[in-house]
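Asker: sequence below, structure please.
(one chain, ligands or ions: 3)
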Amino acid sequence: MKVDNLDTKKIILRKLINSGINVSPPILDFFLNLDDPIKSVDQIIKDTSFIPNFNSHLTKNILKKISNTEIQNVLKRTLLKAKILPNKDNLTLQESSGIKSSSEFNKYQTSEKLIEIKETTESLQGIKNNQEVPKIEPISHDYSKVIPKFIEKKRKKTFESTKSSLGIYPIAKEYDSNYEILKDPTGKLYTNGEYKDFYDLTVDKFNQLRTLMKKRPDVSSAHNINNILRLSNKVEVSVIGLVNEIRKTKNGNFFLVLEDLTGQINVLIKNDSENRDNVKIAERILNDQLIYVEGTYNPREKGKSGIIYGVYVAKIDIPTDFEPNKAPVPLSIALISDTHIGSREFEESLLKRFIDFLNGKIGNKNLREIAGKIKYIIINGDLVDGIGVYPSQRDDLIIPDIYNQFKKASELFSEIPEYIEIFYSPGNHEPVRNAIPRPSVPKKYVEDLINIGFKTIGNPSIIQTHNVNTLIYHGDSILDLNVLIPELENNKPIETMKELLRCRHLAPTYGKKTQIAPINKDWLIIDKIPEIFHTGHVHINGIGKYRNVTLVNSGCFQAQTDFMKSFGINPTPGIVPIIELDTFKSIELNLKNNN
Ligand code: D5M
Ligand code: FE
Ligand code: ZN
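Answerer: Ligands and ions are numbered 1, 2, ... in the order given. A predicted model of the protein is given here:
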């Protein structure tokens with residue numbers, strides 16, 4: 001098929017933007033110099049999703065990491081021709097523009113020129129039909145599990161306080177551990193890197209979320225959109241769809257375009273006082289979310305498209321009567337994240353104090369008893385600061401070598417009593433890809449940690465301890481939601497987590513900072529309601545409840561960096577949430593207090 005340069009550019013741009021990748025015009029020109037630009041862009045999308053710490057800007061340095069001879073040769077030629085200077089090639093297309101899913105991008109303002117894409121909207125079906133991407137041989141990336149079955153932990157055998165004057169014996173030592181990894185994306189993250197993967201991901205997301213929506217008692221049936229569009233009379237209808245577009249009209253009403261597997265339809269939700277419940281929900285609807293709408297369909301007339309006047313709108317949410325399973329044993333779980341070992345701002349003394357606490361060396365009898373009940377610890381990402389995570393990170397590192405960062409981590413954590421089970425899931429600073437879901441950290445980095453008994457898992461994951469499920473998610477999308485929903489703010493991560501539960505999705509909108517990997521199954525859906533929902537990433541502690549689910553953001557062990565200062569983030573280092581698995585009572589252990 002012969003396509004001219006402009007068309008090819010548009011296809012390439014669309015593919016990149018659909019996968020959350022930004023490019024500059026020179027890099028776009030580089031693609032045009034390849035023999036088969038469209039095939040190559042698919043290859044590159046696939047490859048970038050496996051480059052550790054790839055942060056969505058496709059720069060020449062990222063391209064250099066791709067081991068394809070043609071790409072490397074053309075890269076050298078193009079860069080030479082264009083005389084691209086260092087640091088000039090990471091101008092972005094979508095930075096801070098707030099744009100998102102496929103059909104909304106009509107214009108992309110680049111720093112150098114405006115590239116227009118004529119396409120407007122397309123239904124899911126449309127995407128499928130439109131698919132003209134050449135096939136690439138699938139490549140499997142085997143991140144096979146690294147958890148040895150029987151391991152002799154090289155950790156402390158005793159709880160020091162048995163020798164202490166208070167004479168507390170750690171009850172957790174009396175109980176065998178009982179855990180199961182219920183969900184872990186590691187080893188299951190296959191992609192063909194094709195446009196079809198994004199299509200399959202969206203279809204899987206739609207199907208899974210629709211199934212959850214149908215469980216709501218007030219959602220009995222929903223019509224297919226193509227059947228509604230055929231109607232010629234005003235009729236009461238209901239529809240379940242993904243939000244393709246949402247905006248406020250001049251009059252303050254909400255105009256939406258909803259999409260299912262059969263087509264797209266317009267919806268209007270009035271912003272009036274009688275409609276307060278609906279308005280409250282509508283104000284938090286974002287692109288790519290799944291919603292249910294009931295209303296009256298007004299068919300197309302005099303050149304206007306048909307529209308549903310919505311009288312009822314709902315997100316999936318979780319039931320009000322959710323009853324969490326409780327453990328039959330008096331044990332607790334401690335949740336931590338964002339230690340950032342290797343960073344100059346890593347608060348080593350606070351982490352050491354936490355480990356002293358676990359060893360019963362700190363506080364009064366009560367505090368030692370709390371320590372003695374801890375049987376499990378979850379580390380939810382950013383254990384190490386990593387390398388090359390953001391520009392000039394090198395200046396902020398006191399340990400500039402990733403292996404040494406892990407070595408330091410294993411030295412510190414080896415002091416934790418050996419009867420405590422430790423689970424380790426990666427964040428955006430670990431040496432795995434940035435796009436979620438993330439596989440567990442490769443064995444070469446974590447051998448020492450495995451030797452001291454760490455169980456490495458992907459992110460997100462679900463771990464069952466006794467019969468209590470903890471959903472572990474680093475929290476990459478929390479900041480996106482806080483930007484998009486005016487009521488949400490960074491220092492209240494629990495409120496954002498409630499919104500994730502209402503959407504039943506960990507990254508309910510595309511196209512912002514959170515990178516989502518192009519795979520055919522959506523791992524980010526919250527299908528099973530967890531007893532405990534654990535996030536980190538924000539570096540600000542929080543603990544709360546939503547309909548009996550215990551919500552925790554585990555803060556950090558890192559003081560404020562200049563980078564965080566520039567975003568106005570005031571971290572709360574050294575506060576550790578601890579949850580009783582038999583009662584869901586929680587405490588926040590403040591290691592900065594002198595107890
Ligand atoms: O994130 C450290 C802190 O910085 C945390 O509060 C999130 C915030 N953060 C991270 N990246 C960004 C961007 N791009 N914009 C605004 N705020 C951000 P960490 O994942 O530990 O680096
Ligand atoms: Fe962090
Ligand atoms: Zn993070």
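Asker: distance of the residue of the stretch 151-300 of the chain at minimum distance from ligand 2 from ligand 1?
Answerer: Ranked by C-beta to the ion, the top residue of the stretch 151-300 of the chain for proximity to ligand 2 is Pro185, at 19.9 Å. The way it works is simple: take the backbone N, C-alpha and C, and place the C-beta from them, glycine included. Per C-beta to the nearest ligand atom, to the nearest Å, Pro185 is found 19 Å from ligand 1.
Asker: what about that residue, neighbour count?
Answerer: 22 (other C-beta atoms under 10 Å).
Asker: now do the contacts for it.
Answerer: Contacts were defined as C-beta atoms under 8 Å, 6 or more residues apart in numbering; by that measure Pro185 touches Pro437, Arg438, Pro439, Gly458, Asn459, Pro460, Ser461, Trp523.
Asker: can you put the residues you listed in TSV and add neighbour count?
Answerer: Below are the contacts of Pro185 laid out as TSV (neighbours: other C-beta atoms under 10 Å):
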residue	neighbour count
Pro437	25
Arg438	29
Pro439	27
Gly458	26
Asn459	30
Pro460	27
Ser461	26
Trp523	22
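Asker: from those residues, pick the one nearest ligand 2.
Answerer: Asn459 (12.3 Å).
Asker: pLDDT wise, what is that closest one at?
Answerer: pLDDT, Asn459: 98.
Asker: from Leu551, how far out is the nearest residue to Leu34 once chain neighbours are set aside?
Answerer: Leaving aside its sequence neighbours, Leu34 sits nearest to Ser40 (C-beta to C-beta, 6 or more residues apart in numbering; 4.5 Å). Taking C-beta to C-beta, to the nearest Å as the measure, Ser40 falls 44 Å from Leu551.
Asker: and the residue of the stretch 251-400 of the chain closest to ligand 3?
Answerer: Closest point on the stretch 251-400 of the chain to ligand 3, by C-beta to the ion, is Asp382, at 4.5 Å.
Asker: quick check: that residue touching Val432?
Answerer: No. Counting by C-beta atoms under 8 Å, Asp382 sits too far from Val432 to count as a contact (11.8 Å).
Asker: ok, these two, which is more surrounded?
Answerer: Asp382 (27 against 24).
Asker: which parts of the protein sit against ligand 1?
Answerer: Asp338, Asp382, Asn428, His429, Leu479, Lys513, His537, Val538, His539, Met564, Phe567, Ile569 (C-beta under 6 Å from any ligand atom).
Asker: mind running it again at 8 Å?
Answerer: Within the chain, the positions adjacent to ligand 1 are 338, 340, 381-382, 389-390, 427-429, 474, 476, 479, 490, 513, 537-540, 556, 558, 561, 563-564, 567, 569, 571 by C-beta under 8 Å from any ligand atom.
Asker: pull out the buried residues from the residues you listed.
Answerer: Buried residues within the residues of the chain next to ligand 1, counting neighbours by 16 or more other C-beta atoms under 10 Å: 338, 340, 381-382, 389, 427-429, 474, 476, 479, 490, 537-540, 556, 558, 561, 564, 569, 571.
Asker: stretch 373-385 vs ligand 2: in contact?
Answerer: Yes. For stretch 373-385 and ligand 2, the contact criterion (C-beta under 5 Å from the ion) is met by Asp382.
Asker: confirm the residue nearest to Leu34 sits in a strand?
Answerer: No. Going by DSSP: H, G, I helix; E, B strand; the rest coil, the assignment for Ser40 is helix, not a strand.
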